[in-house]
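> model this:
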Amino acid sequence: MVVRYRLRKFLIPLALYTASALVVSYFVYHAQHGSRGIETKMALKMQIRGLQADFDSIKEERVDWERRVAMLRPATMDRDLLDERARLTLNRLHRNDVVIMTGPVAATVQ
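A predicted model of the protein is given here:
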């Protein structure tokens with residue numbers, strides 16, 4: 001009897017502590033690696049930074065296009081820009097013109 005009592009006195013708390021440790025380790029593991037865990041949160045933050053950079057560059061491009069379109073409106077038409085676009089579209093030059101193309105347009109026009 002005494003042996004069983006001592007064994008029970010030792011094994012029951014050991015089993016409870018073991019079960020508690022397993023439950024806590026389960027939740028800690030999933031808090032770190034789960035679908036809503038810390039690593040996933042860091043990956044999503046990196047993805048947000050990349051998308052924000054893309055958004056900022058597209059925003060700048062839109063502002064540039066809005067400025068160029070505003071210069072082509074009849075009230076404030078920029079004749080140099082209109083002349084440049086017409087020459088580039090028609091692929092025509094005056095024989096006395098000196099043309100210096102830079103950027104991606106230079107590769108397409110020969």
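
> Which elements pack onto the helix ranked longest in the chain?
Longest helix of the chain, by residue count under DSSP state H: helix 38-71. Judged by 3 or more C-beta pairs under 8 Å, 6 or more residues apart in numbering; DSSP states H and E, helix 38-71 is in contact with helix 2-33. Using the backbone N, CA and C atoms, a C-beta is placed for each residue, glycine as well.

> Just the angle for the helix it packs on relative to helix 38-71, thanks.
Angle of helix 2-33 versus helix 38-71, following axes from the mean of the first three to the mean of the last three C-alpha atoms, to 10 degrees, is 10 degrees.

> Work out the gap between helix 2-33 and the centre of the chain.
Put simply, helix 2-33 sits 44 Å off its chain's centre (C-alpha atoms, centre = their mean, to the nearest Å).

> Pull out the buried residues from it.
By 16 or more other C-beta atoms under 10 Å, helix 2-33 has no buried positions at all.

> Ramachandran angles for L93?
Torsion angles at L93 (phi, psi; degrees, to the nearest 10) stand at phi -140, psi 150.

> Please read the previous query as pertaining to T102.
The phi/psi pair for T102 (degrees, to the nearest 10) is phi -130, psi 160.

> got the contact list for it?
Under the criterion of C-beta atoms under 8 Å, 6 or more residues apart in numbering, T102 has no neighbours.

> What's the separation between it and A43?
T102 is 39 Å from A43, where distance means C-beta to C-beta, to the nearest Å.

> what's the average pLDDT for the longest helix of the chain?
For helix 38-71, mean pLDDT rounds to 93.

> and the next element down the chain from it?
Using DSSP states H and E, the helix or strand that follows helix 38-71 in sequence is helix 79-90.

> mean confidence score for that following helix?
In this model, helix 79-90 carries a mean pLDDT of 80.

> Now find how far off-centre that helix is within its chain.
Using C-alpha atoms, centre = their mean, the offset of helix 79-90 from its chain centre is 36 Å.

> Flag every buried residue along that helix.
Buried residues in helix 79-90, counting neighbours by 16+ other C-beta under 10 Å, are absent.
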